[in-house]
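Undergrad: what follows is a predicted protein model with its sequence.
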Amino acid sequence: MSEHVKPIEPWRQRLIRSLLYGRNVDRNVKARARIGFAILAFAAVYAVIGGRLVMFAIGADSHSARRTASQDAIATARPDIVDRNGEILATDIKAPSLFAEPRRIIDKDEAIELLTGVMPDLDTIEVRERLSSRKGFAWLKREITPKQQQAIHKLGIPGIGFLRENKRVYPTGAEVAHLIGLVNTDNQGIAGMEKWLDNNGLADLHRAGFATDRLQKPVELSIDLRVEHALRDELLKAKEKYKAKAASGLVSNVRTGELVALVSLPDFDPNNPKEAHDPERINRLTTGVFEMGSTFKTLTLAMALDSGKANLNTLFDARGALHYGKFTIHDTHPLGRSITLSEVFTFSSNVGAARVALSQGVEAHKAFLKKVGQLDRLRTELPESASPIVPKRWGELNTITIAFGHGIAVAPLQAVMGINAMVNGGLLIPPTFLKRSEEDAKAVARRVIKSDTSDKIRYLMRLNAEIGTAKKADVKGYYIGGKTGTSEKVVGGRYSKKQVLNSFTAILPADNPQYQLLIMLDEPKPLPETHGFITSGWNAVPTGGNVISRIAPLLGVEPRFDLPPSDRLILATSRTNQ
């Protein structure tokens, strides 16, 4: 057997070789085939790598946005807020925000220099700290302008990008600031109705990821923007004219409890809320508590009339000052005689009101004020509210002073709720900033006085506009009723006669009230036209008259002329004509 006989090739190898190279192919051909196959393999690998790099370069910002959605807060969408007529009070727009991916930035010093050149308001130290972090994402500036976005884009800095976020805007500016409230940079409500929205399900929707775009159904408020504007305009004029420290007011629907307007000055612009946390700019109508002065006499006299122990002609001793221990209660305009319950109201007698309350007793007085919602914290949709300041030990002296609105401090909206019940037929209706029908209001209402007691209170308030301290607000044709209040402020532990808080509450029309107006002026100054006086009748009352003349037509209150006096128009309808 020859030594050069080739070993027999297994049949499997022969089959593979013939499939790859064919039969009778030499080694050179086989080598070239292997090299070509290797080149194709390397080309495929590099093509995949190159494609991935291109995709990363093009889609870097979108990937960052996705990471941000899970790791950092993005301003989420909120529903529009509109007034009762559909006018937009708050809405969302899209605004770009500037972010960085610190790991991708090659030259941080150059990036900082370029960015601060375009946006000088950027804090260099803060930007450096954020770019030096090991995070994959960091906000640099929220809500930049399109012009700034374009300028930064032209810089072409790797690792710098933009995200379009929801930005809350308020088209009406400061008009409804205290009511609407405001949001933070993440579009989360932090005050007013904006915070109420978050507390009532919106925040949960955001956390669940269901509120990534604008919610279609707007939130309808009870506010009428036209009335709001007129009220604010007149309060601004009064604040300037009387050099008042602050001015506030509201309009309430006495039949539904709806707030149609609410203004507290000084206010702020929620689009630029730098002053929102200034303690002088609080919502004085819900967050502040004040001694409401003689407006509280409305409640005192209603208590006496409703008990059946007194009527409009019951006499009370007002011949002189009321002495209690070392304290003495005086009347501003003493009559020097016994006066009827009607005269207690018309002449705003502190002595008379004190004797009315004492005739009912301390416990009855306390129980009545609790029944009409004056001793507990008032809760509304607005998160900002304050508890009333009530005496810890309530004795006869407390009843004496509280009878004419001193010695107890309540939120003005709280007092308005109580007076609404005194004039609407006797129903205590919780206030609301959302639209509400009369039927819905009756479902949450609670009777606190008899309807004929309410008739008598309306009569007293109208009489006060005819011959009493509310005459300067008696706009012809609207048959208003009213009650003034001047409460001396406590300065250095003592009541000051020169620093007062004035209030005026009016109802219109007095024979069948639809609305209540409250005007408050804090520390108004005397003027020549007020003859040096600073009491409510000289400033808050005429301001109320100016407001009524503007808002009554807007509210659909039609003027009526040649109406009979209050004793014939109002008391004639009462079941008991006293």
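TA: Here it is on my side, so go on.
Undergrad: could you use CA atoms for every contact and neighbour count after this?
TA: Fine.
Undergrad: all strands for the stretch 451-578 of the chain, in order.
TA: Secondary structure of the stretch 451-578 of the chain (DSSP state E, counting those that start in this stretch): strands at 481-491, 494-508, 515-522.
Undergrad: just the buried positions in the first one, please.
TA: The reference is to strand 481-491. 481-489 (16 or more other CA atoms under 10 Å).
Undergrad: next one: the second one
TA: For strand 494-508, the buried set under the neighbour-count rule, 16+ other CA under 10 Å, comprises 498-508.
Undergrad: give the next helix or strand downstream of the worst-scoring helix or strand of the chain on mean pLDDT.
TA: Ranking every helix and strand in the chain by mean pLDDT, DSSP states H and E puts helix 203-208 at the bottom, with a mean of 54. Once the chain leaves helix 203-208, the next helix or strand it forms, by DSSP states H and E, is strand 219-220.
Undergrad: residues in contact with that following strand?
TA: The contact list for strand 219-220, computed with CA atoms under 8 Å, 6 or more residues apart in numbering, reads 79-84, 86, 434-435.
Undergrad: closest one to Met417 among the strands of the stretch 451-578 of the chain?
TA: With respect to Met417, and counting by CA to CA, the nearest of those is strand 515-522 at 9.6 Å.
Undergrad: that closest one pairs with which strands, parallel or anti?
TA: strand 246-253 (antiparallel), strand 494-508 (antiparallel) (DSSP bridges).
Undergrad: next, the angle strand 481-491 makes with it.
TA: Orientation note: strand 515-522 sits at an angle of 30 degrees relative to strand 481-491 (axes from the mean of the first three to the mean of the last three CA atoms, to 10 degrees).
Undergrad: ok, which stretches of the stretch 401-550 of the chain are helices?
TA: Assigned by DSSP state H, counting those that start in this stretch, the helices in the stretch 401-550 of the chain fall at 412-423, 438-444, 451-467, 540-554.
Undergrad: from the middle of its chain, how far away would the third one be?
TA: On the basis of CA atoms, centre = their mean, to the nearest Å, helix 451-467 is displaced by 33 Å from the centre of the chain it belongs to.
Undergrad: tell me what it is packed against?
TA: Packing partners of helix 451-467 (3 or more CA pairs under 8 Å, 6 or more residues apart in numbering; DSSP states H and E): helix 297-307, helix 341-346, helix 412-423, strand 481-491, helix 566-569.
Undergrad: by how many degrees do the longest one and helix 451-467 diverge?
TA: Here helix 412-423 runs at an angle of 110 degrees relative to helix 451-467 (the same axes, to 10 degrees).
Undergrad: which helices and strands does helix 412-423 pack with?
TA: For helix 412-423, the packing partners by 3+ CA pairs under 8 Å, 6+ apart come out as helix 297-307, strand 427-428, helix 451-467, strand 515-522.
Undergrad: what separation is there between Ser132 and Asp121?
TA: According to CA to CA, to the nearest Å, Ser132 stands 19 Å off from Asp121.
Undergrad: those two: which is more packed in?
TA: Neighbour count, other CA atoms under 10 Å: between Ser132 and Asp121, Ser132 has more, with 13 against 10.
Undergrad: least reliable of the helices and strands packed on helix 451-467 going by mean pLDDT?
TA: Set side by side, the helices and strands packed on helix 451-467 give their lowest mean pLDDT on helix 566-569, at a mean of 83.
Undergrad: give the buried residues for it.
TA: Ser566.
Undergrad: okay, that helix in CSV with CA atoms only?
TA: Output in CSV follows, covering the C-alpha atoms of helix 566-569 (Å, rounded to 0.1, in the frame of the first residue of the first chain):
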residue,chain,number,x,y,z
SER,A,566,-90.7,99.6,55.2
ASP,A,567,-93.5,99.3,57.8
ARG,A,568,-96.1,98.9,55.0
LEU,A,569,-94.1,96.9,52.4
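Undergrad: give me the residues contacting that helix.
TA: 459, 462-463, 511, 563.
Undergrad: pLDDT weak spots in the protein?
TA: Along the chain, the parts satisfying pLDDT under 70 run over 1-9, 11-31, 33-34, 50-76, 201-216, 573-578.
Undergrad: so Asp121 is in which element?
TA: Counting by DSSP H and E, no helix or strand carries Asp121.
Undergrad: measure it to Leu197 for me?
TA: 32 Å.
Undergrad: near Leu163, how many other residues are there?
TA: When counting by other CA under 10 Å, one arrives at 20 neighbours for Leu163.
Undergrad: report the beta-bridge partners for it.
TA: Beta-bridge partners recorded for Leu163 (DSSP bridges): Ser97.
Undergrad: so it sits against Ser97, correct?
TA: Yes - counting by CA atoms under 8 Å, Ser97 is a contact partner of Leu163 at 5.3 Å.
Undergrad: still on that earlier bit, would you list the strands of the stretch 451-578 of the chain in a markdown table and tack on distance to Leu235?
TA: Formatted as a markdown table, the strands of the stretch 451-578 of the chain follow (distance: least, CA to CA, whole Å):
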| stretch | distance to Leu235 |
| --- | --- |
| strand 481-491 | 17 |
| strand 494-508 | 13 |
| strand 515-522 | 8 |
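Undergrad: nearest to Leu285, of the ones you listed?
TA: strand 515-522 (9.3 Å).
Undergrad: what's the closest residue to His406 other than its chain neighbours sitting at in phi/psi?
TA: Counting by CA to CA, 6 or more residues apart in numbering, Glu291 is the residue found nearest to His406 once chain neighbours are left out, at 5.5 Å. Backbone torsions for Glu291, taken as degrees, to the nearest 10, come to phi -80, psi 120.
Undergrad: how about Thr145?
TA: Per degrees, to the nearest 10, the backbone of Thr145 is at phi -80, psi 160.
Undergrad: that one contacts Ala95, correct?
TA: Yes - counting by CA under 8 Å, Thr145 touches Ala95, with 7.3 Å between them.
Undergrad: okay, these two: which has more neighbours?
TA: Each of Thr145 and Ala95 had its neighbours counted (other CA under 10 Å), and the higher figure belongs to Ala95 (18 against 11).
Undergrad: that one - that's part of a strand, no?
TA: Yes - counting by DSSP: H, G, I helix; E, B strand; the rest coil, Ala95 falls inside a strand.
Undergrad: quick check: it touching Arg164?
TA: Yes - counting by CA under 8 Å, Arg164 is a contact partner of Ala95 at 5.4 Å.
Undergrad: now do the shared contacts for the two.
TA: Counting by CA under 8 Å, 6+ apart, Ala95 and Arg164 have no common neighbour.
Undergrad: if we can go back for a sec, ChimeraX command to pick out the buried ones of the contacts of helix 566-569?
TA: The buried residues among the contacts of helix 566-569 can be selected in ChimeraX (16+ other CA under 10 Å) with this line:
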select :459,462,463,511
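Undergrad: show me which of the contacts of helix 566-569 is closest to Gly249.
TA: Among the contacts of helix 566-569, Arg462 lies closest to Gly249 (CA to CA), at 20.4 Å.
Undergrad: alright, calling it a day.
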